[in-house]
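Q: Below: sequence and its predicted model.
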Amino acid sequence: MAGAQLRHAAAARGARRLRRLDHREAVPEELRGAILALGNFDGFHLGHQAVVREAVEWARSEGRPAIVATFDPHPVRHFAAHVPPFRLTTLEQREELFAAAGADAMLVFHFADELAQTTAEDFITRLLGERIGAAGVVTGQDFTFGKGRGGNIEVLRETGARAGIAARAVGPVMDGGRPVSSSRIRDSLKAGECEEAARLLTRPFAMRGPVIHGDKRGREIGYPTANMELGAYLRPRFGIYAVTGRIVATGQALKGAASVGIRPMFDPPKELLEPYFFDFSGDLYGQSVEVALHHFLRPEMKFESLRALQAQMAEDCDEARRLLEG
């Protein structure tokens, strides 16, 4: 599915829910014989979309189900727990994106010690073959799997053939002479380059979570914010952004300006996403909200007084309105 089509389909996300499967359990009979798109798919960028598109088209051509398999937690988190947060999407976000791309189900490989110790051959024969019943698998050309990363597309083709599983690989999607990758998108976000990240993702980078109670500082200075923890998400460049929001339960769309960072004006420092939504009045506490970063406005900074902060926030909101209406 092309980027524009995916964006259009994702606009109605939540209307169609996928079946969520667990790799530790047998796949239901009606979903056996599926074509499986296999990868991490964090971010679900242009390259990931190409892999899933190949799997969906292959499945449709043979009248089979299409399943997208993802790993959670990310294998990196298992092997290097000290690595700072880097996720671009939650499972819930990936589920909606896979549905918009035409998948019939999402299979979650729960990555822990057992899976980490599974050899590539066992992964193919025992998991993909016996437990999942895949008829075909599509991966990215450079995807590796199994203990010690012993599996690649060549191993998948050779071992899969003996297990009755066909395999296809999709090459990288190139952009500006470089492959589109999650690491490239992360680098863009760390630099505050929202537009570049959105171009490669085919949509703005968005963080989702429940609105929590804070210290009400925003309310006191005339800009009540919906405080949200950053959780496992990548930390984009700290600062002020023009954002859009979506209340997950209702689909209500919002516009606003948001702070991402440690709030240098207030103690103690605490990493938060704090969107202020224009022209909105209501109680968001406990509700799940998704906040998409569209434009980086400025770095976060400490002001000499709350009045100076208020004046700057007024300018930030004016600029965010202008950019979001453009």
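A: Alright, I've got the coordinates.

Q: nearest spatial neighbour of G261, skipping sequence neighbours?
A: F238 (3.4 Å; C-beta to C-beta, 6 or more residues apart in numbering). Where you see a C-beta, it was placed from the backbone N, CA and C, and this is true even at glycine.

Q: do you know how far that neighbour is from V260?
A: Per C-beta to C-beta, to the nearest Å, F238 is found 6 Å from V260.

Q: what stretches of this protein score poorly on pLDDT?
A: Residue ranges of the chain with pLDDT under 70: 1-16, 215-220.

Q: Walk me through the domains of it.
A: Per automatic domain parsing, the domain ranges recorded for the chain read 3-175, 204-325.

Q: and those domains as a markdown table, adding mean neighbour count and distance to A198?
A: Shown next, in a markdown table, are the domains of the chain (neighbours: other C-beta atoms under 10 Å; distance: least, C-beta to C-beta, whole Å):
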| stretch | mean neighbour count | distance to A198 |
| --- | --- | --- |
| domain 3-175 | 18 | 10 |
| domain 204-325 | 17 | 4 |
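
Q: Surely the residue nearest to G261 touches P264?
A: No - the pair F238 / P264 is not scored as a contact, 9.1 Å apart, by C-beta atoms under 8 Å.

Q: so what sits against both of these two?
A: The contact sets of F238 and P264 overlap at E300 (C-beta atoms under 8 Å, 6 or more residues apart in numbering).

Q: which residue is nearest the centroid of the protein?
A: T89 (1.9 Å; C-alpha atoms, centre = their mean).

Q: so that one touches N40, yeah?
A: No - at 10.1 Å, T89 and N40 do not qualify as touching, with contact defined as C-beta under 8 Å.

Q: Strands of the stretch 101-250 of the chain, residue ranges please.
A: Applying DSSP state E, counting those that start in this stretch to the stretch 101-250 of the chain gives strands spanning 105-110, 136-140, 166-170, 174-175, 178-179, 206-210, 239-247.

Q: now the second one against strand 166-170, angle please.
A: Spelled out, that is strand 136-140. Relative orientation of strand 136-140 versus strand 166-170 (axes from the mean of the first three to the mean of the last three C-alpha atoms, to 10 degrees): 20 degrees.
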